[in-house]
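Asker: 3D, please:
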Amino acid sequence: ITDTDVTRRVVAKHLDPSATGVSEVMTANPTCVAMSDSAMDALGTMVENHFRHLPVVDDSGAVVGLLDIAKCLNDAISKLEKAQDKSSATAENAVKQVASLQGAG
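Answerer: Have a look, this model is predicted:
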């Protein structure tokens, strides 16, 4: 059950939360990703389907985790920034090496 399930299926319909069963309002058979799926595939599924959360299942289909889109996006941005920093440093080092070779020749 997600916060969206509660908001749309309990609060918006003015149901009594203490008298409403979880199975009545939860998302039945949600889309899931496997532990073996890539992070980019999971993120793509979340973005394409406008999901904020995505269950992760093991080989037997048991839920072993829950991905959160904000956390996934923050992690992806951090990785891109690190890759950019590394790429910039590598390019800067290459320019320095070429410059020093030209000065020696």
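Asker: what about the helices in the protein?
Answerer: For the chain, the helices defined by DSSP state H occupy 3-6, 22-25, 39-49, 69-104.
Asker: I'd like to know which elements the longest one is packed against.
Answerer: Packing contacts for helix 69-104, counted by 3 or more Cβ pairs under 8 Å, 6 or more residues apart in numbering; DSSP states H and E, involve helix 39-49. For glycine as for every other residue, the C-beta is placed from the backbone atoms N, C-alpha and C.
Asker: do you know which of the helices of the chain lies nearest residue 62?
Answerer: helix 39-49 (17.1 Å; Cβ to Cβ).
Asker: Who are the packing partners of the closest one?
Answerer: strand 33-34, strand 53-57, helix 69-104.
Asker: quick one: it to chain centroid distance?
Answerer: Offset of helix 39-49 from its chain centre (Cα atoms, centre = their mean, to the nearest Å): 7 Å.
Asker: who's in contact with it?
Answerer: 31, 33, 51-52, 54, 56, 67, 69, 72-73, 75-76 (Cβ atoms under 8 Å, 6 or more residues apart in numbering).
Asker: Put the buried members of the residues you listed into a ChimeraX selection.
Answerer: A single ChimeraX command selects the buried members of those (16 or more other Cβ atoms under 10 Å):
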select :33,51,54,56,67,69,72
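Asker: nearest to residue 84, of the contacts of helix 39-49?
Answerer: For the contacts of helix 39-49, the nearest to residue 84 is residue 76 (12.5 Å; Cβ to Cβ).
Asker: what's the burial count for the residue nearest to that closest one when sequence neighbours are not counted?
Answerer: Sequence neighbours aside, residue 43 is the residue nearest to residue 76 in space, at 6.4 Å (criterion: Cβ to Cβ, 6 or more residues apart in numbering). By other Cβ atoms under 10 Å, the residues close to residue 43 number 18.
Asker: Alright, calling it a day.
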